[in-house]
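Student: test case, fold it:
(one chain, ligands or ions: 2)
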Amino acid sequence: MREKNYLPIALNIEGEKILIIGGGQSAWKKIQILKRFDADIEVVALQVCKEIAESGIPYRIKPYEKSDLIGYLMFYSCTNNRDLDMQIAKDGYELGVLVNIHDQPNLCQFVSPAIYQKDNIRIAVSSNAKDVYASIETRNTIKAFFEKSINYNRSLDF
Ligand SMILES: C[C@@]1(CC(=O)O)c2cc3[nH]c(cc4nc(cc5[nH]c(cc(n2)[C@H]1CCC(=O)O)[C@@](C)(CC(=O)O)[C@@H]5CCC(=O)O)C(CC(=O)O)=C4CCC(=O)O)c(CCC(=O)O)c3CC(=O)O
Ligand SMILES: NC(=O)C1=CN([C@@H]2O[C@H](COP(=O)(O)OP(=O)(O)OC[C@H]3O[C@@H](n4cnc5c(N)ncnc54)[C@H](O)[C@@H]3O)[C@@H](O)[C@H]2O)C=CC1
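Tutor: Residues are numbered from 1 along each chain as shown. Ligands and ions are numbered 1, 2, ... in the order given. Predicted structure coming up:
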């Protein structure tokens, strides 16, 4: 397989339909990040955790089928099942729905960066899907830098 080469872009997802397949803690983590960007999120899963059930996010309790992907801009598969994930990734590529498979960079069409957001400034750190811990650490360093600068500027007000 050719080496993947991810383009970092900023994508408007306000009102866009995004599907989460799976309803465990991995799905819940993705949902919490997406909720900050006003997407129209839905979940399909055999069962959902308490956090999702109580979140107000619409969910359908059913086994995944290829037709579930139709009409979505993108999806995140969090089924914790490698064979199923492989099938879901294939279906997504065939239907032209953007593919993200939890913890499986080799199957992902797009990957989620570590984000620092301060109002309309958004800094997204990606490692080209090679080292998620480096992305998180770099984001945390950027966050600490920004928050220090912000405090410094504020102190000038006094
Ligand atoms: C490729 C990618 C695919 C994708 O998911 O898009 C991917 C893959 C993998 N993640 C793994 C582990 C963890 N990932 C996190 C957290 C985050 N992961 C995110 C992104 C990405 N993760 C994409 C790459 C981005 C890039 O280019 O660098 C973040 C930044 C954004 C988000 O998820 O939206 C979000 C931080 C959110 C925040 O802090 O703001 C945590 C911590 C936690 O969950 O608390 C753990 C440890 C606990 C656990 O194992 O779950 C492993 C196993 C690694 C190993 O142990 O070897 C793989 C597989 C592998 O690397 O091979
Ligand atoms: N504490 C934390 O921050 C985190 C903990 N974890 C842990 O890692 C483990 C794995 O968690 P998850 O990745 O969330 O997996 P999980 O096994 O908890 O959830 C998988 C989800 O996929 C659904 N699913 C499976 N097959 C399906 C099918 N054919 N059709 C539709 N839905 C289907 C299941 O119903 C379930 O909702 C758990 O023990 C979890 O607690 C995972 C991520 C973060």
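Student: please parse this protein into its domains.
Tutor: Using automatic domain parsing, the domains assigned to the chain come out as 17-107, 114-149.
Student: winner for burial among the ones you listed?
Tutor: Highest mean neighbour count among the domains of the chain (mean count of other Cβ atoms under 10 Å): domain 17-107, with a mean of 17. Backbone N, C-alpha and C define where each C-beta goes, glycine included.
Student: quick check: mean pLDDT of that one?
Tutor: For domain 17-107, the mean pLDDT works out to 97.
Student: can you get me the start-to-end distance on stretch 105-113?
Tutor: End-to-end span of stretch 105-113 (Cα to Cα, to the nearest Å): 12 Å.
Student: how about the residues of the chain near ligand 2?
Tutor: With Cβ under 6 Å from any ligand atom as the criterion, the chain meets ligand 2 at residues 21-27, 29, 44-48, 63-64, 78-81, 84.
Student: rerun that using 5 Å as the cut-off
Tutor: Proximity of the chain to ligand 2 is confined to 22-26, 45-47, 63-64, 79-80 under the rule Cβ under 5 Å from any ligand atom.
Student: dump the residue contacts of residue 54.
Tutor: Under the criterion of Cβ atoms under 8 Å, 6 or more residues apart in numbering, residue 54 has no neighbours.
Student: any idea how far it lies from ligand 1?
Tutor: Using Cβ to the nearest ligand atom, to the nearest Å, one gets 20 Å for the distance from residue 54 to ligand 1.
Student: what about that residue, distance to residue 17?
Tutor: 22 Å (Cβ to Cβ, to the nearest Å).
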